[in-house]
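Student: Quick check, what structure comes out for this input:
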Amino acid sequence: MATIVVQTEINATLEKVWEVISDIDNEPKFWKGTKEVKTLSTEGNTIKREITIAFRDQKCLQEIQLKPKESIRAKFTKGILNGTKVITLIPKNNSVLIETSWDIKLSGMMNMFTAVIKNHIKSGTEQALKSIKEEIEK
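Tutor: Numbers count the residues shown, from 1 in each chain. Presented below is the predicted three-dimensional model:
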């Protein structure tokens, strides 16, 4: 498994940060590794969806757990990726620390390339958090 943790501090209220990151249909706007999202079902704070990732236009299934103003936990349930991506919000005085942690590996025969994609995912996460920060602070 590849473990990746990226953080950034955003000068905004918890409510404003949550408003932007919890709009998960807007994910491709910030996360360039996600090309397309399609919600399959919603039940309370649990969303099942299909995403198309930039890596060879692969489709993956995800189960998203929203904990309002705390975290978004995406579990990859089918496809080339296995594992989780968790976005956690940590309120500070006049800002919010946003932390994204991945615990991920490629499935099947592709598992041997997990280490290779680790840097790609880390770089993409850094770019996504930078874009989210710019959007919120503008």
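
Student: What is the burial count for the nearest residue to residue 42 once chain neighbours are set aside?
Tutor: The shortest distance from residue 42 to any non-neighbouring residue, by Cβ to Cβ, 6 or more residues apart in numbering, is to residue 48 (7.8 Å). The C-beta positions use only the backbone N, C-alpha and C, and glycine is treated the same way. When neighbours are defined as other Cβ atoms under 10 Å, residue 48 has 14 of them.

Student: Surely residue 48 is in contact with residue 65?
Tutor: No - taking Cβ atoms under 8 Å as the definition, residue 48 is not a contact partner of residue 65, at 10.7 Å.

Student: Enumerate every residue touching the residue nearest to residue 42.
Tutor: Counting by Cβ atoms under 8 Å, 6 or more residues apart in numbering, residue 48 touches 39-42, 61-64.

Student: let's see it at 10 Å
Tutor: Applying Cβ atoms under 10 Å, 6 or more residues apart in numbering to residue 48 gives the contacts 39-42, 61-64, 77.

Student: Phi and psi next, for the nearest residue to residue 58 once chain neighbours are set aside.
Tutor: Among residues not flanking residue 58 along the chain, residue 80 sits closest, at 4.6 Å (Cβ to Cβ, 6+ apart). Residue 80 adopts backbone torsions of phi -70, psi -20, taken as degrees, to the nearest 10.

Student: Mind listing what's buried along stretch 18-34?
Tutor: Judged by neighbour count (16 or more other Cβ atoms under 10 Å), stretch 18-34 contains these buried residues: 18, 20-22, 24, 27, 30-31, 33-34.

Student: again with stretch 41-58
Tutor: For stretch 41-58, the neighbour count (16+ other Cβ under 10 Å) marks 47, 49, 51-53, 55 as buried.

Student: can you check stretch 107-119 too?
Tutor: Result for stretch 107-119 [16+ other Cβ under 10 Å]: buried residues 110, 114, 117-118.
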